[in-house]
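**Q** Provide a 3D model corresponding to the input given below.
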Amino acid sequence: MNWARLDALAGRATARQFGERVRVVPKAQSSGRLVVGSDDPERPPFEIAATLDVTDHSEHIGGDGSRTASRQDLMLQEVALLIEAGAILPPNAMPKAGDYIVALERPGSPTFKIATPAEQNGGRFLFMMVPV
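**A** Predicted coordinates for the structure are as follows:
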């Protein structure tokens with residue numbers, strides 16, 4: 001059995017089922033003549049199909065308890081983007097930390113900022129993001 005081939009097939013099936021259009025907006029990474037965080041003129045924005053996972057959950061703040069017996073919870077949001085390795089079409093278009101991702105098919109087209117560089121996850125690239 002060829003596990004790499006099976007992983008690639010499963011990844012493509014997942015992208016077809018759960019994928020959505022997103023716009024990748026590259027941002028300047030160095031402070032030369034450009035302001036860091038401004039649009040990168042050498043990497044134009046582009047659209048791609050990717051799997052965007054936005055998960056809201058509650059985390060209990062650590063500690064042994066309080067004198068009032070109240071529980072302190074913190075609402076967190078985890079945002080992950082999975083891009084199939086073969087889906088990146090423009091040359092040198094791999095998103096980088098600091099780039100923006102716009103969810104085009106979601107109400108209000110929310111924007112996220114890539115917080116971590118690409119991590120290989122089978123035949124996919126995984127990015128963790130934060131809301132902008």
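
**Q** please make it C-alpha for all contacts and neighbour counts, starting now.
**A** Will do.

**Q** report the central residue of this protein.
**A** With distances taken as Cα atoms, centre = their mean, the residue of the chain nearest its centroid is Leu81 (3.1 Å).

**Q** neighbours around Gly86, how many?
**A** Gly86 is flanked by 10 other residues according to other Cα atoms under 10 Å.

**Q** surely it is within a helix?
**A** Yes - assessed with DSSP: H, G, I helix; E, B strand; the rest coil, Gly86 lies in a helix.

**Q** and it, how far is that from Val54?
**A** Per Cα to Cα, to the nearest Å, Gly86 is found 23 Å from Val54.

**Q** chain neighbours aside, what residue packs nearest to the residue nearest to the centre of the chain?
**A** Of all residues not flanking Leu81 in the chain, Leu52 sits nearest, at 4.7 Å (Cα to Cα, 6 or more residues apart in numbering).

**Q** quick one: secondary structure of the one you found?
**A** Once three-state DSSP is applied, Leu52 turns out strand.

**Q** in the protein, what residue spans correspond to strands?
**A** 20-25, 46-60, 73-84, 100-103, 111-114, 119-121, 124-131 (DSSP state E).

**Q** what would those strands look like in a markdown table with mean pLDDT and distance to Ala13?
**A** Formatted as a markdown table, the strands of the chain follow (pLDDT from 0 to 100; distance: least, Cα to Cα, whole Å):
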| stretch | mean pLDDT | distance to Ala13 |
| --- | --- | --- |
| strand 20-25 | 95 | 13 |
| strand 46-60 | 85 | 11 |
| strand 73-84 | 84 | 10 |
| strand 100-103 | 97 | 20 |
| strand 111-114 | 96 | 24 |
| strand 119-121 | 79 | 15 |
| strand 124-131 | 92 | 12 |
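
**Q** mean neighbour count, the ones you listed: which tops it?
**A** Mean neighbours per residue, mean count of other Cα atoms under 10 Å, is largest over the strands of the chain for strand 100-103, with a mean of 23.
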